[in-house]
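Undergrad: attaching a predicted model along with its sequence, questions to come.
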2 protein chains.
Amino acid sequence: MIIDFEQTAEFLRNCRDAVIITHQSPDGDCIGAGFALRDILGTLGIRSKVICGDTFPERYSFITDVQDGSEDFKPKSVISVDVADKKLMGGYESVYGEKVGLCIDHHVSNTGYARKTLLNPDASAACEVIYELAVYMGVKMSRHCAECLYTGIITDSGCFRYSCTGWRTHEIAGEMMKNYPDIDFALINRKMFEEKSIERVRLECGAVSGMESFFDGKLNILTVTKEELHKDGVKPDDVEGLAPMSIQTEGSEVGILIKERDNGSYKCSFRSAYSVNVAEICAKFGGGGHEKAAGCTMRGNLDKIKTRLVGAVGEALGL
Amino acid sequence: MIIDFEQTAEFLRNCRDAVIITHQSPDGDCIGAGFALRDILGTLGIRSKVICGDTFPERYSFITDVQDGSEDFKPKSVISVDVADKKLMGGYESVYGEKVGLCIDHHVSNTGYARKTLLNPDASAACEVIYELAVYMGVKMSRHCAECLYTGIITDSGCFRYSCTGWRTHEIAGEMMKNYPDIDFALINRKMFEEKSIERVRLECGAVSGMESFFDGKLNILTVTKEELHKDGVKPDDVEGLAPMSIQTEGSEVGILIKERDNGSYKCSFRSAYSVNVAEICAKFGGGGHEKAAGCTMRGNLDKIKTRLVGAVGEALGL
């Protein structure tokens, strides 16, 4: 059932000992949303803990550090944030998948698995929804809460670059800067967008230096082998988010990042810079996704795989 | 003389056949400010043309294309935008340096070379100042004018990432998105922040793959040789803005980009991620700049230069 702010506020005011579930492969938005909601419940005198099927990456420690491991109560209420499908709970799906009382989300693809869902598909981030909710409820946000929400908004909106950014997204950022002059927003931006591990920098460079271009640069293919992924010091987090580099060149329309998996298959992540619908291309190979970001898994000889992918993209480009 | 919005509006309403000067090595802010002001003067029925000591880079053609070369009037009014010092006019300094009637700027370092100066050092960009001016004057901004102003704000604020971003910067971006729903803001962001020439991508990769790190990664040095700068297809624009890559690694405090010049000297661009004052370091070598971005020119053997720079940074780090 889709509910509004009033019903959500009522749910939150009446919940007790809540567990807040984020999605696996956690990003700034689900982490920020989870911990912001934890802060908000705290101001209402309600205990809660944020959980995730995977470990929270170290770079979000300024958000996650408030949880010290002492939250060992038995949950009475189950809330999910930024989780469009219960499958995305990972290891927690079997425990909580059928028990979510409230889901707060911004994905238009939300499957409605929760008993009650607060959903705003026009919001850039789940954190934008939670900011509006806190304002509606008249909750005084702590500095930490504002840092959580800002982090979620900038990571999901690509620091206000992506088309999901609305005028209200900017207005909220402005309100936060006005109300929390002590927050070092530029430092949060640096941590989220500029700082990378040295292993990540090397991975990026390796992928780009081997970039193959087709159709006059309209298509770029980056390949990362399993040897590169297993080099000393490379963490799972280092390997995420490389796909956009495949469409960074002028004139590129489609980019593919091919990552070799341990089982010999290849994970192919497609990006579209403009109008090509890459979900349709991936569907031909048993994959799927969104118009501008989609993926598929391929098996067999790498050169033959590339030939098939190049052919399909050429067809989509009308070439 | 420092003037306010009212006096600036009076100047603009009474000017005729204006030339609008931007700074050399033009960036999004001076180009956006120049062409936005040109649009605003146009709505007042006043002819103007935007000029620059250097050529406007191709990536700004969506801003600069409105000028078709037919603006061959003899200027009666001279205005500069985003030009902190008349020296930055390049080839136009000798022609207009002493004749600037109005300067609109946001640099705290503005030398006051113009007869009248509208200056807001708290603004993220000259375009932010011009937006406020247009609102003050009640001028209806064209879509093109809004695109110019948005471009200037995002390029100077690093898409709202840098500390010059204020709450009003976000508020203005929100107002523009609300008032101009037809503008493809995400596309402008892509052009400014994501698309690079293939030569630029290769230069970045070459510089990063040869990165040298010192003091446990607190200092990184990137080097670009003159051979790399003269490779086929490399444009001057491709070589700008590489220095921030020197502080992209976690734990880095200071970064140096060393670019070999044709005359055998080395241009050393320093960046500070946090608290080290790199202007002080550069001053030791006859250079200067800002706390977080400074530079100096060095001569001699490259290895010896590096040793001297590493020593000076080590001292600044207290190591």
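TA: Cool, the structure landed.
Undergrad: and the next element down the chain from the lowest-mean-pLDDT helix or strand in chain A?
TA: Across the helices and strands of chain A, mean pLDDT, DSSP states H and E gives its lowest value to helix A:236-239, namely a mean of 80. Next along the chain after helix A:236-239, taking DSSP states H and E as the criterion, comes strand A:254-260.
Undergrad: low-scoring pLDDT stretches of the stretch 1-150 of chain A, where are they?
TA: Scanning the stretch 1-150 of chain A for pLDDT under 70 picks out nothing.
Undergrad: contacts for the least confident helix or strand of chain A, please.
TA: Defining contact as CB atoms under 8 Å, 6 or more residues apart in numbering or on different chains, one finds that helix A:236-239 is touched by A:57, A:59, A:196-197, A:199-200, A:203, A:224, A:229, A:259. Any C-beta I mention is one placed from the backbone N, CA and C, and that applies to glycine too.
Undergrad: repeat that for stretch A:306-319.
TA: By CB under 8 Å, 6+ apart, the residues outside stretch A:306-319 that reach it are A:212, A:214-215, A:218-219, A:221, A:253-254, A:256, A:258, A:268, A:276-278, A:280-281, A:284-285, A:298.
Undergrad: measure the spatially closest residue to A:Asp105 that is not a sequence neighbour to chain B for me?
TA: Closest residue to A:Asp105 apart from its sequence neighbours, by CB to CB, 6 or more residues apart in numbering or on different chains: A:Leu119 at 5.3 Å. Computed as CB to the nearest CB, to the nearest Å, the A:Leu119 to chain B distance reads 22 Å.
Undergrad: what does A:Thr169 give?
TA: Distance of A:Thr169 to chain B, computed by CB to the nearest CB: 8 Å.
Undergrad: what count of nearby residues applies to that residue?
TA: Residues within reach of A:Thr169, counting by other CB atoms under 10 Å in any protein chain shown, total 27.
Undergrad: likewise A:Glu253?
TA: Residues near A:Glu253, counting by other CB under 10 Å, number 20.
Undergrad: tell me the contacts of the nearest residue to it once chain neighbours are set aside?
TA: Distances taken as CB to CB, 6+ apart put A:Lys218 closest to A:Glu253, at 4.5 Å, once the chain neighbours are dropped. Neighbour list for A:Lys218: A:251-254, A:317, A:319 [criterion: CB under 8 Å, 6+ apart].
Undergrad: B:Glu194 versus A:Cys159, what's the distance?
TA: 12 Å (CB to CB, to the nearest Å).
Undergrad: ok, the two, which is more surrounded?
TA: Each of A:Cys159 and B:Glu194 has its neighbours counted (other CB under 10 Å); A:Cys159 has more, 21 against 18.
Undergrad: doesn't that one lie inside a helix?
TA: No. Checked against DSSP: H, G, I helix; E, B strand; the rest coil, A:Cys159 lies outside a helix; its state is coil.
Undergrad: returning to what we had before: tell me how far the residue nearest to A:Asp105 lies from A:Ala283.
TA: Distance of A:Leu119 to A:Ala283, computed by CB to CB: 26 Å.
Undergrad: then A:Glu58?
TA: Per CB to CB, A:Glu58 is found 36 Å from A:Ala283.
Undergrad: of these two, who's got more company?
TA: When A:Glu58 is set against A:Ala283 and neighbours are counted by other CB under 10 Å, the residue ahead is A:Ala283, at 14 against 11.
Undergrad: just so I have it, where are all the helices in chain A?
TA: Along chain A, the segments classed as helices by DSSP state H run A:5-14, A:28-43, A:61-64, A:93-96, A:126-137, A:143-156, A:167-179, A:185-189, A:198-209, A:226-229, A:236-239, A:278-283, A:302-316.
Undergrad: mind saving the C-alpha coords of the first one as PDB?
TA: What that stands for is helix A:5-14. Provided in PDB are the C-alpha atoms of helix A:5-14 (Å, rounded to 0.1, in the frame of the first residue of the first chain):
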ATOM      1  CA  PHE A   5       3.800  11.600   4.800                       C
ATOM      2  CA  GLU A   6       1.000  11.600   7.400                       C
ATOM      3  CA  GLN A   7       0.700   7.900   7.500                       C
ATOM      4  CA  THR A   8       4.400   7.400   7.400                       C
ATOM      5  CA  ALA A   9       4.900   9.800  10.300                       C
ATOM      6  CA  GLU A  10       2.200   7.800  12.200                       C
ATOM      7  CA  PHE A  11       4.000   4.500  11.500                       C
ATOM      8  CA  LEU A  12       7.400   5.900  12.700                       C
ATOM      9  CA  ARG A  13       6.000   7.500  15.900                       C
ATOM     10  CA  ASN A  14       4.400   4.200  16.800                       C
END
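Undergrad: off-centre distance for it?
TA: On the basis of CA atoms, centre = their mean, to the nearest Å, helix A:5-14 is displaced by 26 Å from the centre of the chain it belongs to.
Undergrad: count the residues that sit near the residue of the stretch 1-150 of chain A at minimum distance from chain B.
TA: Closest contact between the stretch 1-150 of chain A and chain B, by CB to the nearest CB, is at A:Arg59 (8.0 Å). Residues near A:Arg59, counting by other CB under 10 Å, number 18.
Undergrad: can you give me the distance of the residue lying closest to it once chain neighbours are set aside to B:Gln248?
TA: Closest residue to A:Arg59 apart from its sequence neighbours, by CB to CB, 6+ apart: A:Lys191 at 5.9 Å. Per CB to CB, A:Lys191 is found 12 Å from B:Gln248.
Undergrad: which of these two has more residues huddled nearby?
TA: Relative neighbour count places B:Gln248 above the other of A:Lys191 and B:Gln248, with 22 against 17, counting by other CB under 10 Å.
Undergrad: was I right about A:Asp82 contacting A:Asn110?
TA: No. A:Asp82 lies out of contact with A:Asn110 (CB atoms under 8 Å); the separation is 9.9 Å.
Undergrad: hmm, A:Ala126 is touching A:Ile104, no?
TA: Yes. A:Ala126 is within contact range of A:Ile104, at 6.1 Å (criterion: CB under 8 Å).
Undergrad: who's more crowded, those two?
TA: More crowded of A:Ala126 and A:Ile104, by other CB under 10 Å: A:Ala126, with 34 against 28.
Undergrad: what number of residues lie near A:Asn220?
TA: 27.
Undergrad: rewinding a little: what's the closest of the contacts of A:Lys218 to A:Cys52?
TA: Nearest to A:Cys52, judged by CB to CB, of the contacts of A:Lys218 is A:Val254 at 32.4 Å.
Undergrad: any idea what the closest one is bridged to?
TA: Under DSSP bridges, the beta-bridge partners of A:Val254 are A:Leu219, A:Ser272.
Undergrad: that one: what's it in contact with?
TA: For A:Val254, the contact set (CB under 8 Å, 6+ apart) comprises A:218-220, A:247, A:270-273, A:276, A:278, A:281, A:313, A:316-317.
Undergrad: do A:Leu203 as well
TA: A:224, A:228-229, A:234, A:238-239, A:242.
Undergrad: would JSON lines of these with neighbour count be doable?
TA: Below are those laid out as JSON lines (neighbours: other CB atoms under 10 Å in any protein chain shown):
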{"residue": "A:Val224", "neighbour count": "20"}
{"residue": "A:Glu228", "neighbour count": "18"}
{"residue": "A:Leu229", "neighbour count": "16"}
{"residue": "A:Val234", "neighbour count": "16"}
{"residue": "A:Asp238", "neighbour count": "21"}
{"residue": "A:Val239", "neighbour count": "16"}
{"residue": "A:Leu242", "neighbour count": "18"}
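Undergrad: closest to A:Cys145 among those residues?
TA: Using CB to CB, the contacts of A:Leu203 come closest to A:Cys145 at A:Asp238, 29.1 Å.
Undergrad: if we can go back for a sec, hmm, A:Ser61 and the residue nearest to A:Arg59 touching each other?
TA: No. Judged on CB under 8 Å, A:Lys191 makes no contact with A:Ser61 at a distance of 9.7 Å.
Undergrad: if we can go back for a sec, closest to A:Ser77 out of the contacts of A:Lys218?
TA: Lowest distance from A:Ser77 to these (CB to CB) belongs to A:Val254, with 44.6 Å.
Undergrad: for stretch A:66-82, buried residues please.
TA: Neighbour counts over stretch A:66-82 (16 or more other CB atoms under 10 Å in any protein chain shown) mark A:67, A:75, A:77-82 as buried.
Undergrad: fine by me, thanks again.
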